[in-house]
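Engineer: I would like the atomic coordinates for the input below:
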Amino acid sequence: MQFPGCASRTVLARRAALVAAVLGLAGCASMSRAPETGPMWAFFTETDLALGARGVVYTSSQVECETERRHRVNFGTPCVAVIVTPGEGYYAISVGGSVDLSRPVGLTFGAADLERCEWLRSDFFRAFNARGDCGPVAVKRLP
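Structural biologist: As a prediction, this is how the structure comes out:
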């Protein structure tokens, strides 16, 4: 017999499973994430106040890449198609779309050395939903 206002054991079990799943997802979302990898559009910087010499900025969208490049005082090289893999060459950190709320995709910023990337993460991107830690990546231009 079930009393009015009381949930059955099945309903309670389902609710408990749902709460556990939500908490699990929240925990995963807050865990450290590696920089974005795969086919991307990127531009490279010769000099940049934030990224330093030999910096790279990449995103999954050619339009977003060009938009970010035009916001720079020193435009850097034109956006080119690249493949990004875990590896050596840069230390990168992904930043969510909250850098500019009108932009649908996030950006990843790479520096030639870990210290510069860590500085970006801790000081420069603190307010911009930086996702995870600086991670080593290889950025190869596609033909």
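
Engineer: mind listing the strands in this protein by residue range?
Structural biologist: Along the chain, the stretches classed as strands by DSSP state E are 38-45, 55-59, 80-95, 107-111, 130-141.

Engineer: Rebuild these as TSV, extending it with mean neighbour count and mean pLDDT.
Structural biologist: C-beta: built from backbone N, CA, C; applies to glycine. TSV is the format used below for those (neighbours: other CB atoms under 10 Å; pLDDT from 0 to 100):
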stretch	mean neighbour count	mean pLDDT
strand 38-45	19	94
strand 55-59	26	93
strand 80-95	19	94
strand 107-111	26	90
strand 130-141	18	88
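
Engineer: And those strands: which comes nearest Glu118?
Structural biologist: Set against Glu118 and scored by CB to CB, the strands of the chain come closest in strand 130-141, at 5.7 Å.

Engineer: Tell me which other helices or strands the closest one touches.
Structural biologist: With contacts defined as 3 or more CB pairs under 8 Å, 6 or more residues apart in numbering; DSSP states H and E, the secondary structure elements packing on strand 130-141 are strand 80-95, strand 107-111, helix 114-119.

Engineer: closest one to Pro136 among the ones you listed?
Structural biologist: Where those are weighed against each other on CB to CB, the nearest is strand 80-95, at 5.8 Å.

Engineer: Direction included, what does that closest one pair against?
Structural biologist: The sheet places strand 80-95 alongside strand 38-45 (antiparallel), strand 107-111 (antiparallel), strand 130-141 (antiparallel), with pairing taken from DSSP bridges.

Engineer: any idea of the angle that strand forms with strand 55-59?
Structural biologist: Put simply, strand 80-95 runs at 90 degrees to strand 55-59, going by axes from the mean of the first three to the mean of the last three CA atoms, to 10 degrees.

Engineer: TSV for the helices and strands packed on strand 130-141, including distance to Leu142?
Structural biologist: Written out in TSV, the entries for the helices and strands packed on strand 130-141 read as follows (distance: least, CB to CB, whole Å):
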stretch	distance to Leu142
strand 80-95	4
strand 107-111	17
helix 114-119	24
